[in-house]
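**Q** Next input, structure requested:
(chains A and B, ligands or ions: 2)
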Amino acid sequence: MSELLEEDSPTRTDDGPLVEVNGLKTYYDTGGLFGSNPVKAVDGVDFAIDRGETLGLVGESGSGKTTLGRTLVQLESATEGEVLFDGTDVTTLSGSDLKNWRREAQIVFQDPESSLNHRMTIGEIIREPLDVHGWPNFSVAVNDPDDRSVSVSGDGTRAEPNDAADITVELAGAAPTIAVRDALAMTADSVDVSVSEQSSSVSVSVSVAVSKDQLRRARVRELLETVGLREEHYYRYPHQFSGGQRQRVGIARSLALEPEFVVLDEPVSALDVSVQAKILNLLDDLQSEFGLTYLFIAHDLSVVRHICDRVAVMYLGHIMEIGETEELFQNPENPYTYSLLSAIPEPDPTADRERVTLRGTPPSPRDPPSGCPFSTRCPVKIRPKEFRDVDEHTWESVETLREILREREDREMGVRDHAKALLGLETGFEDFVDVAEEVFTRNGSLDAKGVETAERTDAARIDGALDDVDPVAREPLKEAIELVLADKETQAHELLIETFESDCGEQSPEHHTVSDSGRTSYCHRHRTEFDDTAVAFDDLLSSAE
Amino acid sequence: MATPVSQTTTESPLLSVRDLQTSFFTDKETIRAVDRISFDIHRGETVGIVGESGSGKSVTARSIMGLVDSPGRIVGGSVQFSDADTVERLAEEYPDQTIDLADIRAEHDPATLIEQLQSRGADLTRLNGPELADRDPVELVREKAITMSDLVAGGYTDQLGITDEDEYIVREADGGGFVDITGASEAAYRKIRGRGIAMIFQDPLTSLNPVYTVGNQIKEAIRLHQGLQGDEAHQEAIRLLESVSIPDAHRRVDEYPHEFSGGMRQRAVIAMALACKPQLLICDEPTTALDVTIQAQILELLMEIQEDRDLAIMFITHDMGVIAEIADQVNVMYSGELVEKAPVESVFGAPKHPYTQGLLESIPGRHPDEDRLRTIEGDVPTPNEEPTYCRFAPRCPKAFDACDVVHPVNVDVTDDEDDTHTAACLLYPEELSENDAVNHHRERGDGGDEQ
Ligand code: SF4
Ligand code: SF4
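**A** Ligands and ions are numbered 1, 2, ... in the order given. This next block holds a predicted model:
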């Protein structure tokens, strides 16, 4: 590590977390339409990963989990916040400092198919990082009982204080004793050291009789064996391998430079279950053998439950809940975690679960909802007092109507509709009576009720549809629909927000500590005045019966 | 989950696959991607097909749909589709390839035909399944356990020169009958696809054309299969989009596939399939590319649609969780063969085949207190030769000597009276001694008609 790094990390300790993330944001400003917002892929996250720990990161596509993983290993640059690795903020590194640090933090990708260069042999693929980083650099640690200043010349370079040196020279005694690190396939016999000592300084000249090329080849062979491949695989090509074997190659490559931290980005998602089991066992073995720290990104929650010590659940760039795995799976505190777990199909046909199916898809990270990111889909969103007891159908319909208005407003911004609006053409609200009917009618449309088309005026149709909702909600809904029909959809939307919105859509929640082990959850329900998540879901499920 | 199985099994199946064999021919080898598999699908029932990559599950689906591309082709077996509407439409179009059962009955007596077959030493195992194979066929005819329809379906009337192999449409006066779709020409397949059997794929973009609006594509299907035009078709398209829970269908109908999210596209494809009013829907990993919350929505939707329309569903997946959720019956495939077949509860509760057992064991979470996952050694072999042994033997923890020299056939392994549960493993039938069991498989060895 460089001077700069040393200054930044004077207090390296082995018991603090290896990785500490504070207020991290990663935004993309990619193209899009004129004046569009950046994609807020990671929107302010804080967490830490302990040494030797496996932290799982789960969430749906668009949750930002992959971007977060890539930001941790500096494949994406952070927009704001810091990523402390051993106490050093790696978001500020550049040039050779960054390159040196990269040896410590590697990533394994989901798709072994596309992440391996098809024109290279397996051996070359695994070896590439060794070549790029000039491995081994023959770093030399000199242990001098007199503590003089040391200089190293010849094939060797002076080892940084925190590094495991390739060659260790012990100066006590008549002749220096030499030791070579295990990862290098050579013995001390291949190293020749000449020492010239002054009263206040020592210079050590090192010459190594084994070529780096030989050592790299030996290292690759060793890695092949480590990940359960065979030596003869060295000269094969990726296409001759099965998916599981290719993933082993990806893992071997990521381990080549002996990292401390590995981001595993959906490493088994593309594999069949029997192959997946083998790779998961391998990852487990490697972790204990090399003391690795993992960030395990996955959408398969049963895999995460098996392999992770702790789990972070992401939604729209935020960590909704983070804590110890078993505890979180058995007793999710955050409504999003609860919903996500509920969606996993269990490999047990006799399991009789009450499932909560989420409505819709996650909103765009370009334009996330205000307040809680989950507020547009949360099945137990907090309601304003006066609507707390309305039936599910009414509440769902209100949410659906709001979603439709929100989406249509977004589309208004699209080029097509923008042009249409400028030309004074229809923008798609003239069918709103149909929409209202579809949204509010409980048992199908008026067709199903057998009302003749000719007898239906707009007003009659709206009243008919609203017949099926709770009387408390009828007035504001009717007013909103009429506003839309009068081309005042913005006012309509505002009216709905004013009437039906609660803290969930207005205020960002806090990360409440929800268990003795320090689990946190990002949700207003943990405030004392509200029912907590489990109670809210129980109510919801019993009302659905 | 759909209809209880006991209710459906008494009816005759909508789709009946018998000894289906599809191979791929390359310079190097012949890959027996689907190697003589048999199973049924009833109306209102969901039959799951599980297996790992290379097990042949997708080729099975493509064989049924007539979508096997060169160098692959169906080389044996039959796929009987008993949908009256399809039989009627095809019979009208292809009278020369249609057999009228009434005509044959008028001229022949099934018992006589069976005696003729016996005197020629024909193999009669395909008559109504192995259970009846050992009994006296003449008696079976009298008991109506074997009918003329069975003789035609089994290809025996072809053997006797009464019918011709080209005649794949079998019409019954009462609206019964079937089409053996493996005999259909591409033109005939086009009449079956969509309206008879529809298929949805893992990637919805396979089925959607990027340059047309979603609505126009659905309207095209409506026009072709329901004969509706103009505003009527438009309204029907909106109704279909609503029925697959696409919010704001009025608006969405005019949008292009790229404006839809992944889950929404899959819904649109399902709507398009429904526009054809199919009897059987084949789903090939339809939720594999989707997030779990969206997967849950799609599975729920499929179950609703099934209930509304009494639709038969064949659902292919490698995800045991999904299978547990959606299937009534499960077929487990390994290396081109069907190795276990049972109601979903039995497959998960009492798996019999060592492969099924291994597959279930390797799912994380089966043994929560074990640190290591259980695995199956080795990889799935490529089925590139006639199996004269058990294809799972190199990986099977229970393999014994006979496994290398005797090919296991599917035998009854039912625990529970009401089920039908079969497995292709020499360890069964359990009540026989190991030796007797092996002999049982040796004697029963399928493919007597192959030599
Ligand atoms: S803050 Fe509100 S919307 Fe967000 S998860 Fe909690 S209850 Fe749901
Ligand atoms: S037949 Fe033999 S090798 Fe095959 S599954 Fe049964 S025990 Fe195993």
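**Q** excluding its backbone neighbours, what's nearest B:N410?
**A** Beyond its immediate neighbours in the sequence, the residue positioned closest to B:N410 (Cβ to Cβ, 6 or more residues apart in numbering or on different chains) is B:T422, lying 4.2 Å away. For every residue, glycine as well, the C-beta is placed using N, CA and C.
**Q** thinking the one you found is in contact with B:S346, fair?
**A** No. Between B:T422 and B:S346 there is no contact, the gap being 10.4 Å when judged by Cβ atoms under 8 Å.
**Q** thinking again about what came up before, pull the number of nearby residues for the residue nearest to B:N410.
**A** A count of nearby residues for B:T422, using other Cβ atoms under 10 Å in any protein chain shown, gives 24.
**Q** Next one: it from B:A342, what distance?
**A** As for B:T422, its distance to B:A342 is 7 Å (criterion: Cβ to Cβ, to the nearest Å).
**Q** likewise A:R246?
**A** 34 Å.
**Q** Neighbour count for these two, which is higher?
**A** Neighbours were tallied for A:R246 and for B:A342 using other Cβ under 10 Å; the higher tally belongs to B:A342 (28 against 23).
**Q** Show residues contacting the strand or helix carrying the more buried one.
**A** Element membership for B:A342, per DSSP states H and E: strand B:337-343. Strand B:337-343 is contacted from outside by B:5, B:35-39, B:56, B:328-333, B:347, B:351-353, B:355-356, B:383, B:387, B:391-392, B:410, B:419-425, using Cβ atoms under 8 Å, 6 or more residues apart in numbering or on different chains.
**Q** Residues of chain A that sit close to ligand 1?
**A** Selection of chain A residues close to ligand 1 by Cβ under 6 Å from any ligand atom yields A:335-336, A:372, A:374-375, A:378, A:380-382, A:504, A:509, A:523-525.
**Q** Now restrict the residues you listed to buried residues only.
**A** Among those, those classed as buried by neighbour count (16 or more other Cβ atoms under 10 Å in any protein chain shown) are A:335-336, A:372, A:374-375, A:378, A:380-382, A:504, A:509, A:523-525.
**Q** And the residue of chain A closest to ligand 2?
**A** Nearest to ligand 2, among the residues of chain A, is A:S274, at 14.5 Å (Cβ to the nearest ligand atom).
**Q** and that residue, what does it touch?
**A** A:S274 sits next to B:E52, B:G358, B:L359, B:S362, B:T375, B:I376 when contact means Cβ under 8 Å, 6+ apart.
**Q** Of these, which is the most crowded?
**A** Across those, the neighbour count under other Cβ under 10 Å reaches its highest value at B:L359, namely 26 neighbours.
**Q** What helices and strands are in contact with the longest helix seen in chain A?
**A** Longest helix in chain A by number of residues (criterion: DSSP state H): helix A:392-412. Contacts defined by 3 or more Cβ pairs under 8 Å, 6 or more residues apart in numbering or on different chains; DSSP states H and E place helix A:392-412 against helix A:415-422, helix A:432-440, helix A:471-485, helix A:489-500, helix A:533-544, helix B:249-252.
**Q** Going by neighbour count, list what's buried in that helix.
**A** Applying a neighbour-count criterion of 16+ other Cβ under 10 Å, the buried positions in helix A:392-412 are A:394-395, A:397-408, A:411-412.
**Q** same question for it, mean pLDDT?
**A** The average pLDDT for helix A:392-412 rounds to 82.
**Q** same deal with stretch B:353-366?
**A** Stretch B:353-366 shows a mean pLDDT of 91 in the predicted model.
**Q** Ends of that stretch, what's the gap?
**A** Terminal residues of stretch B:353-366 lie 17 Å apart, using Cα to Cα, to the nearest Å.
**Q** Point me to the residue of chain B nearest ligand 1.
**A** Closest approach of chain B to ligand 1 (Cβ to the nearest ligand atom) occurs at B:T293, with a separation of 14.0 Å.
**Q** wait, what's in contact with the most centrally placed residue in chain A?
**A** Among the residues of chain A, the one closest to the centroid is A:K65, at 1.9 Å (Cα atoms, centre = their mean). By Cβ under 8 Å, 6+ apart, the contact list for A:K65 reads A:L57, A:V58, A:G59, A:I297, A:M314.
**Q** Stretch B:96-113: which residues count as buried?
**A** Using 16+ other Cβ under 10 Å as the burial criterion, the residues of stretch B:96-113 that qualify are B:Q97, B:T98, B:I99, B:D100, B:L101, B:I104, B:H108, B:P110, B:L113.
**Q** What is the nearest of the residues you listed to chain A?
**A** In terms of Cβ to the nearest Cβ, no member of those lies closer to chain A than B:L101, at 39.1 Å.
**Q** And for the closest one, nearest residue in space, chain neighbours not counted?
**A** Leaving aside its chain neighbours, B:L101 sits nearest to B:E172 (5.1 Å; criterion: Cβ to Cβ, 6+ apart).
**Q** what residues does the stretch 301-450 of chain B put near chain A?
**A** Applying Cβ under 8 Å from any Cβ of the partner chain, one finds that the stretch 301-450 of chain B approaches chain A through B:318-325, B:327, B:344-345, B:348-349, B:358-360, B:362-366, B:371-376, B:379.
**Q** re earlier: contacting residues around the following helix or strand past the strand holding B:A342?
**A** Stepping forward along the backbone from strand B:337-343, the first helix or strand reached (DSSP H and E) is helix B:344-349. Defining contact as Cβ under 8 Å, 6+ apart, one finds that helix B:344-349 is touched by A:347-350, B:1, B:48, B:320, B:323-324, B:327-330, B:332, B:340, B:356, B:360, B:415-416, B:419, B:421.
**Q** and the residues you listed, which of them are in strands?
**A** With strands taken from DSSP state E, the overlap with the contacts of helix B:344-349 comprises B:G48, B:Q329, B:V330, B:V332, B:E340.
**Q** contacts with ligand 1 among those residues, please.
**A** If you filter those for contact with ligand 1, counting by Cβ under 6 Å from any ligand atom, you are left with nothing.
**Q** now, which of those sits nearest chain A?
**A** The closest of the ones in strands among the contacts of helix B:344-349 to chain A turns out to be B:V330 (Cβ to the nearest Cβ; 9.0 Å).
**Q** any idea of the pLDDT on that closest one?
**A** You'll see B:V330 listed with a pLDDT of 97.
**Q** same deal with A:L340?
**A** We have a pLDDT of 93 for A:L340.
**Q** picking up where we left off before, so which of the contacts of A:K65 is the closest to B:S16?
**A** Of all the contacts of A:K65, A:V58 has the smallest distance to B:S16: 42.7 Å, by Cβ to Cβ.
**Q** State the pLDDT value of that closest one.
**A** A:V58 carries a pLDDT score of 95 in this model.
**Q** Go through the contacts of A:K65 and single out the one with the most neighbours.
**A** With neighbours taken as other Cβ under 10 Å, the top of these is A:L57, carrying 30 neighbours.
**Q** Partner strands of the helix or strand that one falls within, with direction?
**A** Element membership for A:L57, per DSSP H and E: strand A:54-58. In the sheet, strand A:54-58 lines up against strand A:293-298 (parallel), strand A:310-315 (parallel) (DSSP bridges).
**Q** Who are the contact partners of the closest residue to chain B within the stretch 51-200 of chain A?
**A** For the stretch 51-200 of chain A, the residue closest to chain B is A:E60, as judged by Cβ to the nearest Cβ, at 3.9 Å. Applying Cβ under 8 Å, 6+ apart to A:E60 gives the contacts A:H299, A:Y315, A:L340, A:P362, B:D291, B:V292, B:T293, B:I294.
**Q** That one is in what secondary structure piece?
**A** Assigned by DSSP H and E, A:E60 falls outside every helix and strand.
**Q** again, but for A:S96
**A** helix A:95-102.
**Q** following that helix, which helix or strand comes up?
**A** Read in the C-terminal direction, the helix or strand following helix A:95-102 is strand A:105-108, with elements assigned using DSSP H and E.
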